[in-house]
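[1] Here is the input, now give the coordinates:
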Amino acid sequence: MSARTPTPSAEREGDADTSAPEEQPSPHAVLLALVLLLMPFPLVLKKFTSSNAGYDFQAILFPSDLPLILLIVVMVPKLVGRIRARTLGICAWLTLALTAWMAVAFVVHPSQRGVADLVRLAGIVAIIVAIQELHTKLERTVVLGALGVVAVFETVVASVQLITKAPAGLNAVGEFKDPFWNFGSALAPQGTLVHPYVLAAFALVAGLVFAVASVQRRSWRLAIIAAVAVAPVGFTFSRAALLGLAAAVICLGTGLLTADRSRYAPAVIGICVGAALTAGIWNAGWVNRTHQTVTASGAASLTTDRGWLIHEAKLLIGAHPVAGVGPGRYVIALQERYGYERNPTVAVFKPVHNLPILLAAEGGLPGGLLMTALLLGAGWQGLRAGRVGLALWLVYIPFTQLDHLGYSFPQGLIITAVWLGVLEFLASERGRDEEVSRPLEAPV
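    Numbering: from 1, shown residues only. Okay, the predicted model is just below:
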């Protein structure tokens, strides 16, 4: 996959007194909401590199970077407080360690693009901690509400694009002039995001977050939001998204076998109907992906040359096993090494479609090990949170193994941060089996 250049106890330190009147949300809640609201818009505010090459060679400032930088600054005292109080979660610790090591790799291989990547990695830490610091109902409502607004907005925009087979007229906020990718004769829209698969990943994470809220509150209204949020999975034709959705539905669906099945029914029905409806209406792309999978003559065609991408990554890792090629420099390093892509079916240099391997290439073997530990740590938090947490972990994990969007794209990094933050929130706030003591909140 490649992209085109864009033209959530009082004993814990820092906990708020939830008995106090909820007059206004905290600054970090507002900033987090702003990050989410601005995330979909890939407007180029400033390019720090002079090249006209593709995004993989550029250091670009996007709208969401502005509140993200402020959020990093605001969350430093909260981060320090949690470290001192020993309440920093495993996902935050591992992301902090990964960021620190990538800073070491940056010193060895500095670049303007590396600066941007380090800031956004620090932003993941800030988002995770900010979600943990959403102590009041108002704060959680603000952030979850922002997530819902963006999810519904992207579903509407992508649907309009698909129905009209044309842009939705949002070029002023970053919509691409050609917001489609071809899957045989079928078109997959990307909304205002940078690729249909980024839209699919966001739809899955947002949809499952609202499904979790629906389970916690036994809410059909939240289940409807989950259905709308997850709908783009049906017309973005990502096999990784289909795998993640199936795993999440099976996991969450086990709740239907319990005595408390009425708690799970709205969420399960919502995400199933939301994705199935759009997949049934626009099924040509799925027919093409099924044909591609069934008739694949070998591993290369079955995996769309992911084996070759792994081969290239191994060469870079072998040449730079300790500090890697530097954050943000994967494609740059490939071009420096080879000059041009030697595999004609791949055509252009692309990041390897696996996050641990990608981080091992950019940050050396320690970077790959830390990313692997982070994904496993997220899985542990999902297990601690019960089936709702495990379902959330499962829905996104295929993208971490079969794609690069969760690290290489700014929008993908924010999606990853929300995923990690909510998993950490669910694990830390779990009060009894399958529930948490403080539910996610949203307008109903």
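[2] Which element, helix or strand, includes residue 192?
    Secondary structure assigned from DSSP states H and E places residue 192 in neither a helix nor a strand.
[3] count of residues packed around residue 345?
    Counted by other CB atoms under 10 Å, the residues lying close to residue 345 total 10. The way it works is simple: take the backbone N, C-alpha and C, and place the C-beta from them, glycine included.
[4] Just to check, it is in contact with residue 305?
    Yes - applying CB atoms under 8 Å, one finds residue 345 in contact with residue 305, separated by 5.7 Å.
[5] which residues does the closest residue to residue 40 other than its chain neighbours contact?
    Once its chain neighbours are removed from consideration, residue 40 has its nearest residue in residue 192; the separation is 4.6 Å (CB to CB, 6 or more residues apart in numbering). For residue 192, the contacting residues are 40, 41, 42, 154, 157, 170, 173, 174, 175, 179, by CB atoms under 8 Å, 6 or more residues apart in numbering.
[6] do that again at 6 Å, thanks
    The neighbours of residue 192, taking CB atoms under 6 Å, 6 or more residues apart in numbering as the test, are 40, 41, 157, 170, 174, 175.
[7] cool, residue 293 as well?
    When contacts are counted by CB under 6 Å, 6+ apart, residue 293 is found next to no other residue.
[8] For it, give its distance to residue 356.
    Residue 293 sits 24 Å away from residue 356, taking CB to CB, to the nearest Å as the criterion.
[9] Residue 62 and residue 56: what is the separation?
    Here the distance between residue 62 and residue 56 works out to 15 Å (CB to CB).
[10] elements contacting the helix of greatest length in the chain?
    Among the elements of the chain assigned as helix by DSSP state H, the one spanning the most residues is helix 355-384. Applying 3 or more CB pairs under 6 Å, 6 or more residues apart in numbering; DSSP states H and E, we find helix 355-384 packed against helix 90-108, helix 306-319, helix 387-402, helix 410-428.
[11] same question for the one helix or strand residue 286 maps to, mean pLDDT?
    When secondary structure is defined by DSSP H and E, residue 286 falls within helix 284-294. Mean pLDDT, helix 284-294: 81.
[12] Please state the offset of that helix from the chain centre?
    Distance, stretch centre to chain centre, for helix 284-294: 25 Å (CA atoms, centre = their mean, to the nearest Å).
[13] Dump it to CSV, keeping only the CA atoms.
    Backbone C-alpha positions of helix 284-294 (Å, rounded to 0.1, in the frame of the first residue of the first chain) are rendered in CSV as follows:
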residue,chain,number,x,y,z
ALA,A,284,-17.5,-5.7,-7.2
GLY,A,285,-14.3,-4.9,-5.3
TRP,A,286,-14.8,-7.9,-3.0
VAL,A,287,-15.4,-10.1,-6.0
ASN,A,288,-12.1,-8.9,-7.4
ARG,A,289,-10.3,-9.4,-4.1
THR,A,290,-11.7,-12.9,-3.8
HIS,A,291,-10.7,-13.8,-7.4
GLN,A,292,-7.2,-12.4,-6.7
THR,A,293,-6.9,-14.5,-3.6
VAL,A,294,-8.3,-17.7,-5.0
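[14] Give me the buried positions along it.
    285, 286, 288, 289 (16 or more other CB atoms under 10 Å).
[15] Stretch 97-105 now?
    98, 99, 101, 102, 104, 105.
[16] Closest to residue 30 out of those?
    Taking CB to CB as the measure, residue 30 sits nearest to residue 99 out of the buried residues of stretch 97-105, at 23.7 Å.
[17] How confident is the prediction for residue 51, by pLDDT?
    With respect to pLDDT, residue 51 has a value of 78.
[18] Report the secondary structure element holding it.
    Of the helices and strands defined by DSSP H and E, none includes residue 51.
[19] Report how many residues lie close to the closest residue to it other than its chain neighbours.
    Excluding its sequence neighbours, the residue lying closest to residue 51 (CB to CB, 6+ apart) is residue 57, at 5.4 Å. Residues lying near residue 57 (other CB under 10 Å) number 18.
[20] Please report the distance of residue 57 from residue 177.
    When CB to CB is the yardstick, residue 57 and residue 177 sit 21 Å from each other.
[21] And for residue 203, nearest residue in space, chain neighbours not counted?
    Leaving aside its sequence neighbours, residue 203 is closest to residue 232 (4.2 Å, by CB to CB, 6+ apart).
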